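In: dropping the sequence and predicted coords here.
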Amino acid sequence: MLLEPSDAAQALNVDEKTVVRWIRKDNLPAEMIRGEYRINPVDLLEWATERGMKVNPALYKMHDADNRPLPTLSQALEAGGIHCGVTGTDKETVLHTVVSQLDLPPELDPDFILQVLLAREALGTTAVGDGIAIPHVRNPILVQLPVPKVSLSYLAEPVDFGALDGKPVQILFTIITPTIRMHLHLLSKLAFCLRDPRLRQILGRECNPEAIVTAVREIEKDLGKGSP
């Protein structure tokens, strides 16, 4: 389901004219359909996340006829794994290593997953600043992964992802989910956690999987006490 500019405006708590201006001048991704702008909700949340904007939670509580329970970020992170010293000299070689570590079911072709991730990168950077990027599949329906996964990779060497702040990337959170609903849910939770100094401090240290998962669980516990 694509959003109208008025829907995007409501999600970002701005007026519709501001959304149209962002489409025309600030690279907010949108398609022109029968003379009207339409916005992919995944693109909207990514674009807002890159710029540190808060998004109305209603945006990611829709769009899929899927009644399965939504995973916590810590559950998805445990499913995807935390990997230290990931090798690669550019986006393609790094993402190739990331995909090889995802423990995909045999029916999923790793080369296809890699190509879908690279296709998303070709649309624009997934770097969100401060040396962090969030590679992902733009349309989860293409992949149909049975279990949502968030893979955290510490790169052995920084790699240029074309970040807006100019900093090379050293940490990747790769998101692969079965549905748009789960993708929006996990991306929003990750964006919230990345604003928390508890996680930021741990990410700035040496790779420590146990400490990272513990920090995410603590933040999620606090998040459950109120709205992000």
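Out: Great, that's in hand. Numbering: from 1, shown residues only.

In: may I have the helix or strand bottoming out on mean pLDDT in the chain as CSV, with CA atoms only?
Out: Lowest on mean pLDDT, DSSP states H and E among the helices and strands of the chain sits helix 41-50, with a mean of 78. Taking Å, rounded to 0.1, in the frame of the first residue of the first chain, the C-alpha atoms of helix 41-50 are listed here in CSV:
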residue,chain,number,x,y,z
PRO,A,41,5.9,3.5,3.7
VAL,A,42,9.3,1.7,4.0
ASP,A,43,11.0,4.5,2.1
LEU,A,44,9.3,7.1,4.3
LEU,A,45,10.5,5.5,7.5
GLU,A,46,14.0,5.1,6.1
TRP,A,47,14.2,8.7,5.0
ALA,A,48,13.0,10.0,8.3
THR,A,49,15.3,7.7,10.2
GLU,A,50,18.3,9.0,8.3
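
In: just the pLDDT for residue 211.
Out: You'll see residue 211 listed with a pLDDT of 94.

In: residue 205 versus that one, what's the distance?
Out: Residue 211 sits 8 Å away from residue 205, going by CB to CB, to the nearest Å. C-beta: built from backbone N, CA, C; applies to glycine.

In: comparing the two, which shows the higher neighbour count?
Out: Taking neighbours as other CB atoms under 10 Å, residue 211 and residue 205 compare with residue 211 leading, 16 against 9.

In: that one reaches residue 202, doesn't it?
Out: Yes - counting by CB atoms under 8 Å, residue 211 touches residue 202, with 5.3 Å between them.

In: run through this protein and note the low-pLDDT ranges.
Out: For the chain, the stretches with pLDDT under 70 are 1, 57-67, 140-144, 224-228.

In: so what's residue 150 up against?
Out: 73, 76, 77, 79, 80, 173, 174, 175, 186, 190 (CB atoms under 8 Å, 6 or more residues apart in numbering).

In: what does residue 186 give?
Out: 71, 73, 76, 148, 150, 175, 177.

In: got it, and residue 70?
Out: Per CB under 8 Å, 6+ apart, neighbours of residue 70: 181, 182, 185.

In: one more time with 10 Å, if that's ok
Out: 60, 61, 76, 148, 177, 179, 181, 182, 184, 185, 186, 189 (CB atoms under 10 Å, 6 or more residues apart in numbering).

In: of those, closest to residue 124?
Out: Using CB to CB, residue 184 comes nearest to residue 124 of those, at 18.0 Å.

In: still on that earlier bit, list the buried residues in the least confident helix or strand of the chain.
Out: 41, 42, 43, 44, 45, 46, 47, 48, 49, 50 (16 or more other CB atoms under 10 Å).

In: okay if I get those residues as JSON lines plus distance to residue 88?
Out: Formatted as JSON lines, those follow (distance: CB to CB, whole Å):
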{"residue": "41", "distance to residue 88": "30"}
{"residue": "42", "distance to residue 88": "25"}
{"residue": "43", "distance to residue 88": "26"}
{"residue": "44", "distance to residue 88": "29"}
{"residue": "45", "distance to residue 88": "26"}
{"residue": "46", "distance to residue 88": "22"}
{"residue": "47", "distance to residue 88": "26"}
{"residue": "48", "distance to residue 88": "28"}
{"residue": "49", "distance to residue 88": "23"}
{"residue": "50", "distance to residue 88": "22"}
